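*Asks:* Show me the folded form of this:
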Amino acid sequence: MLNENEYVVDNLKKAGLTYEEAKIYLFLNENPKKNEEELASALGFDHHKLKDVLASLKAKGLIQVVDHDKYDVTPPSKALDLLINVKVKHMELELTELKRRLSAIKDALESKYWESHY
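*Replies:* Numbers count the residues shown, from 1 in each chain. Modelled structure (predicted):
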């Protein structure tokens, strides 16, 4: 059984975050206004990886820089809406591609169906 933090991380991953992004978002949500050194120390991430993940979270609108060198999260209500909107757009693109692919094979399937049934 997952503990509460594992459950949150798991669902943030399902919403499109990486494991590292989810861990940092969750940590900052509970421990606001931390600098890179504090984050690296608390989470055990090397500085290069940490910088990449922070840049990704910032680009997604899920964190921002405050007080010149500290990071804080976008409030969860807004952040989760952002994640949902991105996930929905991604799923819509996948559905459009699936429809295109199925349409492309429909004629071949129909032809084989009619040949084998009549």
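*Asks:* helix, strand or coil for residue 17?
*Replies:* coil (DSSP: H, G, I helix; E, B strand; the rest coil).
*Asks:* how far away is it from residue 54?
*Replies:* Per CB to CB, to the nearest Å, residue 17 is found 13 Å from residue 54. Heads up, the C-betas are built off the backbone N, CA and C, glycines and all.
*Asks:* How about residue 71?
*Replies:* 6 Å.
*Asks:* Quickly list what's touching both of these two.
*Replies:* Shared contacts of residue 71 and residue 54, defined by CB atoms under 8 Å, 6 or more residues apart in numbering, comprise 36, 39, 63.
*Asks:* Quick one: these as a markdown table, columns for pLDDT, neighbour count and distance to residue 77 too.
*Replies:* Converted to a markdown table, those look like this (pLDDT from 0 to 100; neighbours: other CB atoms under 10 Å; distance: CB to CB, whole Å):
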| residue | pLDDT | neighbour count | distance to residue 77 |
| --- | --- | --- | --- |
| 36 | 96 | 15 | 26 |
| 39 | 97 | 22 | 23 |
| 63 | 97 | 23 | 15 |
